[in-house]
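Student: Below: sequence and its predicted model.
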Amino acid sequence: MASLAAVLVILVNLFVAMPATAGQDSTQEASQQRAGERSNKPNFVLIQTDDQARWDVVAMNKTKLLLAEQGMTLTNYMVNTPICCPSRAEIFSGRYFHNVGAPHGSCMHVNAEEAVFANTSLFSSLQSNGYQTGVFGKVTNDQARYFCGEKRADGMTMVGSPCNFGDFYGQEYFVKLANGTTYIEHLKKILPSTYQTAQLGNRTISWIQEVTQSNPSQPFFAYIGPHAPHLPSTPAPWHEDPIFDELVAPRTPNWNVSCPDKHELIANNPPLDANATKFLDHQHRIRQYSLLSVDDVVAAVYEELKELNLLDSTYIILTSDHGYHLGQWRVPSSKRLPYDTDIFVTTLVRGPGIAAGSQLSDMVGNVDVAPTILDLARIDIPKAMDGKSIAGRMVTQENTFYNLSGSHQADEPWREVFLIQFVSIANASNNDASMWFPKAGTFHGQYEKPPAAPCATCKHWMLDNESNTYRALRVKNSTHNILYAEFNPQWSFDDASAIFYEYYDIGKDPYQLTNIYASVPASTAADLHRQLDKYSTCAGGQTGGTCP
């Protein structure tokens, strides 16, 4: 396994994003001067991985050391919609699924482009209030159209993002410079210099170096969007030591278990056979290998901020767009479900005023990220945002940036229920088993076909069929820990007879094995339905808004 020092050398030697600024001064005196000049506002680095399950931190030892042990873990962070484009639209807009164009939008039922570029979005809100904003990596699934086609990058000072984020060795990048110039950069096919995760880390570090020298009084926000661990989960060639070759997909109590009391997508699934299990175990392993490079980027950015004397004035946030399952409830591999595997995400925050090794157990969602960052930056939160700031709940120590005496959030009641919404992607595979396999002795693998469905009528083995269209409430408080869900293929919930219901007492059934809706008192079911009705049309999380 390559040492951290060796990996950092690799990262430095792979810089291709932009030329270094002439005369860069990395002395401690210059770094301290730069830090002092920008001391009135904090900086931010937001790292959002792709498809990372909560158990996918086994490979990320540096991240655990630098962020979890030196910062805060949000133990009940979840997403409103467990699939890529909607969740990303929600995190950048601070708005729920039903307020970002669903279910009629063009990117997995949402208007992602509008959510990203609206004048109330995270990027535009920061830029219009004096922040330099750098964007590197996957933003939303349709970025090839608005970045590489339309050359659009509202609210973004600098962009260095791949046109085809699904190709870990992609050669085309959309670039926007601070002067507004945009172009498509065509990288030379020189392996391993085009490896995407390293590219994103290099571009981010180069940009931070440039902006902290050229305009030290202006704070920055850097967004890094690695495609890892999303399939094909291609690992970097320098991470080819077989350290995870004995890992298997987590055999949780709900793994490969029949659940006939669930909705149609799951109720009829056949057992996972030995061939399918082989795919799942290998997929789990290559996901960890791909995350080693994300771990390198976290460490390299951390070290760069430390070198620039900006570590104590920068919030570093690591999260993912949603969770993932690998064989739970006999659903082979994907996201899209309302259960805890898919909606809960490991989220870590390090920065000024955040106690080392701390945890926040409040029910926090992806819609809260944008309001929280704006609040930490002392920028008014747009009324259009449905989420709420948790800044006053995270920051517990005196610091230069966030006024503890002016915040009462930690003492105020917080939400005890969170909304989950999803409209089926219909013909999209719910079994991402057509995956990359290594050839003997190398990690330059090949694609192999997925296991065949074991019976002619087992369409749910592969497809996210329309029965998997739902809205749900995840409730956690001192007396209840439940999941209540309503499924209807038409995304209509007025006719009770057309709805399939699920209810789980997660305090007693943490793996959501037994649907006990039939035993729920009618009055309780009616209350939950009314609450879900109200939440599903809410708008605005600030004063005067209707979102909890």
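Tutor: It's in. Numbering: from 1, shown residues only.
Student: Please, where are all the strands along the stretch 401-548 of the chain?
Tutor: 417-422, 436-437, 446-447, 470-476, 481-487, 500-505 (DSSP state E, counting those that start in this stretch).
Student: now the last one: how far from the chain's centre is it?
Tutor: Distance, stretch centre to chain centre, for strand 500-505: 26 Å (CA atoms, centre = their mean, to the nearest Å).
Student: Same question for the fifth one.
Tutor: In this view, strand 481-487 has its centroid 23 Å away from the chain centroid, taken as CA atoms, centre = their mean.
Student: sorry, back to before: closest to Leu374 out of the strands of the stretch 401-548 of the chain?
Tutor: strand 417-422 (20.3 Å; CB to CB). No exception for glycine: its C-beta is placed from N, CA and C like everyone else's.
Student: pLDDT weak spots in the stretch 101-250 of the chain?
Tutor: Nowhere does the stretch 101-250 of the chain drop to pLDDT under 70.
Student: Where do the strands of it begin and end?
Tutor: Going by DSSP E, counting those that start in this stretch, the stretch 101-250 of the chain shows strands at 132-137, 158-162, 172-176, 182-186, 220-225.
Student: okay, the second one in PDB with CA atoms only?
Tutor: Read it as strand 158-162. Extracted C-alpha coordinates of strand 158-162, given in PDB (Å, rounded to 0.1, in the frame of the first residue of the first chain):
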ATOM      1  CA  MET A 158     -14.100  28.500 -11.400                       C
ATOM      2  CA  VAL A 159     -15.200  25.100 -12.800                       C
ATOM      3  CA  GLY A 160     -13.100  22.000 -13.700                       C
ATOM      4  CA  SER A 161     -15.600  19.200 -14.100                       C
ATOM      5  CA  PRO A 162     -15.700  16.100 -16.400                       C
END
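Student: circling back: using a markdown table, lay out the strands of the stretch 101-250 of the chain together with distance to Ser334 and mean neighbour count.
Tutor: Output for these, formatted as a markdown table (distance: least, CB to CB, whole Å; neighbours: other CB atoms under 10 Å):
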| stretch | distance to Ser334 | mean neighbour count |
| --- | --- | --- |
| strand 132-137 | 21 | 26 |
| strand 158-162 | 22 | 25 |
| strand 172-176 | 27 | 21 |
| strand 182-186 | 31 | 13 |
| strand 220-225 | 20 | 24 |
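Student: so how far is Ser217 from Val349?
Tutor: 25 Å (CB to CB, to the nearest Å).
Student: follow-up on the earlier one: now render the strands of the stretch 101-250 of the chain as JSON lines, adding distance to Phe97.
Tutor: Shown next, in JSON lines, are these (distance: least, CB to CB, whole Å):
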{"stretch": "strand 132-137", "distance to Phe97": "23"}
{"stretch": "strand 158-162", "distance to Phe97": "24"}
{"stretch": "strand 172-176", "distance to Phe97": "27"}
{"stretch": "strand 182-186", "distance to Phe97": "30"}
{"stretch": "strand 220-225", "distance to Phe97": "20"}
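Student: closest to Asn477 out of those strands?
Tutor: Of all these, strand 220-225 comes closest under CB to CB, at 33.3 Å.
Student: neighbouring strands for the closest one, and are they parallel or not?
Tutor: Sheet pairing of strand 220-225 (DSSP bridges) gives strand 43-49 (parallel), strand 132-137 (parallel).
Student: so can I have a markdown table of those strands showing distance to Thr469?
Tutor: Formatted as a markdown table, those follow (distance: least, CB to CB, whole Å):
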| stretch | distance to Thr469 |
| --- | --- |
| strand 43-49 | 25 |
| strand 132-137 | 30 |
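Student: Tell me which of the ones you listed sits nearest to Glu307.
Tutor: strand 43-49 (14.1 Å).
Student: Export the closest one to CSV, keeping only CA atoms.
Tutor: Extracted C-alpha coordinates of strand 43-49, given in CSV (Å, rounded to 0.1, in the frame of the first residue of the first chain):
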residue,chain,number,x,y,z
ASN,A,43,-13.9,29.1,3.9
PHE,A,44,-15.7,25.9,3.0
VAL,A,45,-14.7,22.7,1.3
LEU,A,46,-17.7,20.5,0.5
ILE,A,47,-16.9,16.9,-0.6
GLN,A,48,-19.9,14.9,-1.9
THR,A,49,-19.2,11.3,-2.9
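Student: Distance from the chain centre to it, please.
Tutor: 10 Å.
Student: The longest helix anywhere in the chain: which residues count as buried?
Tutor: Looking across the chain with DSSP state H, the single longest helix is helix 274-307. Buried residues in helix 274-307, counted by 16 or more other CB atoms under 10 Å: 276-277, 279-305.
Student: so which of the strands of the stretch 101-250 of the chain comes closest to Tyr315?
Tutor: Across those, closest to Tyr315 is strand 220-225 (CB to CB), at 9.6 Å.
Student: Output the closest one as PDB - backbone C-alpha positions only.
Tutor: What follows is strand 220-225, C-alpha atoms only, in PDB (Å, rounded to 0.1, in the frame of the first residue of the first chain):
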ATOM      1  CA  PHE A 220     -13.700  30.700  -0.900                       C
ATOM      2  CA  PHE A 221     -16.100  27.800  -1.300                       C
ATOM      3  CA  ALA A 222     -14.700  24.600  -3.000                       C
ATOM      4  CA  TYR A 223     -17.000  21.800  -4.100                       C
ATOM      5  CA  ILE A 224     -15.500  18.400  -4.900                       C
ATOM      6  CA  GLY A 225     -17.700  15.800  -6.400                       C
END
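Student: Next, the angle helix 274-307 makes with that strand.
Tutor: 160 degrees (axes from the mean of the first three to the mean of the last three CA atoms, to 10 degrees).
Student: Kindly calculate the angle that strand 220-225 makes with strand 158-162.
Tutor: 10 degrees.
Student: which residues make contact with strand 220-225 from outside it?
Tutor: 43-48, 50, 123, 126, 131-139, 161, 165, 200-201, 204, 207-208, 211-212, 297, 301, 373 (CB atoms under 8 Å, 6 or more residues apart in numbering).
Student: Give me the helix or strand of the chain that scores worst on average pLDDT.
Tutor: strand 436-437 (a mean of 32; mean pLDDT, DSSP states H and E).
Student: follow-up on the earlier one: out of the strands of the stretch 101-250 of the chain, flag the one nearest Leu419.
Tutor: strand 220-225 (24.3 Å).
Student: so how far is the helix or strand that that closest one is followed by off the chain centroid?
Tutor: Helices and strands here follow DSSP states H and E; after strand 220-225, the next one along the chain is helix 264-267. Between the centre of helix 264-267 and the centre of its chain there are 26 Å (CA atoms, centre = their mean).
Student: Also stretch 47-57?
Tutor: That offset, for stretch 47-57, works out to 7 Å (CA atoms, centre = their mean).
Student: So what would you say the end-to-end distance of that stretch is?
Tutor: 14 Å (CA to CA, to the nearest Å).
Student: residue ranges with poor pLDDT in this structure?
Tutor: For the chain (pLDDT under 70), the answer is 1-39, 405-410, 427-464.
Student: repeat that for 50
Tutor: Filtered on pLDDT under 50, the chain yields the residue ranges 1-28, 34, 431-462.
Student: so who does Val395 touch?
Tutor: 352-354, 376, 402, 404, 407.
Student: so what's the residue positioned nearest the centre of the chain closest to, chain neighbours aside?
Tutor: A centroid search over the chain (CA atoms, centre = their mean) returns Ser320, at 2.0 Å, as the residue closest to the centre. In this structure, Ser320 finds its nearest non-sequential neighbour in Gln52, 3.8 Å apart by CB to CB, 6 or more residues apart in numbering.
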